[in-house]
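Visitor: A structural model of the following input is requested.
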Amino acid sequence: MSRLFCDNLKGMRTVSTYVMLQDESCSMRVPCSNLPAMDLTAWKDDGRCEGKSFNASRTLQKFMWFLIA
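Guide: I've put the predicted structure just below:
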C-alpha cells in the first residue's frame, strides 16, 4: 500500500511503512525510492474486451456488493 501512495501522490518522497495504521508510533517513514516496484502485469489489458462497452458504474456497484457481502 505504501508503494501505491508513493506512485500516486504528487510530491511524496517518504511514506509510513504501514500507511493504514492510525498509530504512527508503530511505523517508521522510509524513502519512496527504497520501496520495491509493484508488478502489475496480472492486470494488463489482454485485448479480449476490445470493442466492448464498459459500464464503470455497474462494475463498481458489483464490487461494492462483493465487499459488504
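
Visitor: All the strands of the chain, in order from the start?
Guide: Ranges of strands within the chain are 14-16, 29-31, based on DSSP state E.

Visitor: burial count for the nearest residue to residue 32 once chain neighbours are set aside?
Guide: With C-beta to C-beta, 6 or more residues apart in numbering as the criterion, residue 32 has its nearest non-adjacent residue at 3.5 Å, and that residue is residue 6. All C-beta spots, glycine's among them, are computed from the backbone N, C-alpha and C. By other C-beta atoms under 10 Å, 20 other residues sit near residue 6.

Visitor: again with residue 5
Guide: Neighbours of residue 5 under the rule other C-beta under 10 Å: 15.

Visitor: hmm, back to that, contact partners for the residue nearest to residue 32?
Guide: By C-beta atoms under 8 Å, 6 or more residues apart in numbering, the contact list for residue 6 reads 12, 15, 32, 35.

Visitor: State the pLDDT value of it.
Guide: Per-residue pLDDT puts residue 6 at 89.

Visitor: same check, this time on the one 5 residues further on
Guide: On pLDDT, residue 11 comes in at 90.

Visitor: gap between it and residue 33?
Guide: Here residue 11 is placed at a distance of 14 Å from residue 33 (C-beta to C-beta, to the nearest Å).
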